[in-house]
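**Student:** Just need the structure, nothing else, for what follows:
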Amino acid sequence: MTDDTTGTGDDDSLAETFWAVASRLRRQTRESLAPWDITPSQSRALGVLGRHGEVRPGTLAEHLRIAARSATEVVDDLQTRGLVERRGDPADRRATLVALTEEGKRLGTAIRTARRAEADRFFGHLNDTDRAELARILRTLRA
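**Tutor:** The predicted model follows:
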């Protein structure tokens, strides 16, 4: 008995099909970031800071779902490029906040625009009903 979850007659399991699509999306994401020589983690960090404003490094790590040490490396790389800056936390002199610089805001906006266009191309062959259903299913799986 075959498990034809793709509708193509292949014997791919649902998980294999999902991972193939995820891999394709990751590859396209890396390609869309290439003009800025930025990693997906750095891009995600710019996105978090763009949405939430200045945050402590630990909070950034939580949003990115990575270890605090990894978030520090991401912030270090972004700071070296002049895209973020560390500031003292006025509420706690021992703590540090991470914030976007003007260049970081500009780059974050450019990346968001490019990724939105890439997502539209990636999912563009789906009609509105299929896109809504896929979004619903993915939100259920993410929870």
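
**Student:** For the rest of this, base every contact and every neighbour count on C-alpha atoms.
**Tutor:** Noted.

**Student:** Could I get the full set of strands for the protein?
**Tutor:** Counting by DSSP state E, residue ranges of the strands within the chain are 84-89, 92-100.

**Student:** Can you name every helix or strand that the shortest one contacts?
**Tutor:** Put plainly, it is strand 84-89. helix 68-80, strand 92-100 (3 or more C-alpha pairs under 8 Å, 6 or more residues apart in numbering; DSSP states H and E).

**Student:** CA atoms only: put it into CSV for me.
**Tutor:** Output of strand 84-89 as CSV, limited to C-alpha atoms (Å, rounded to 0.1, in the frame of the first residue of the first chain):
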residue,chain,number,x,y,z
VAL,A,84,22.6,46.8,16.5
GLU,A,85,24.0,48.5,19.6
ARG,A,86,24.1,47.5,23.2
ARG,A,87,22.8,50.1,25.8
GLY,A,88,22.5,50.1,29.5
ASP,A,89,19.1,49.2,30.9
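
**Student:** Contacts for that strand, please.
**Tutor:** Under the criterion C-alpha atoms under 8 Å, 6 or more residues apart in numbering, residues 75, 78-79, 94-101, 104 lie in contact with strand 84-89.

**Student:** ok, now stretch 52-67?
**Tutor:** Contacts for stretch 52-67 (C-alpha under 8 Å, 6+ apart): 41, 44-45, 48-49, 68, 70-72, 75, 95-100.

**Student:** Next, the buried residues of stretch 70-81.
**Tutor:** Judged by neighbour count (16 or more other C-alpha atoms under 10 Å), stretch 70-81 contains these buried residues: 71, 74-76, 78-79.

**Student:** so which pair among those is furthest apart in space?
**Tutor:** Pairwise distances across those (C-alpha to C-alpha) peak at 12.0 Å, for the pair 71 and 79.
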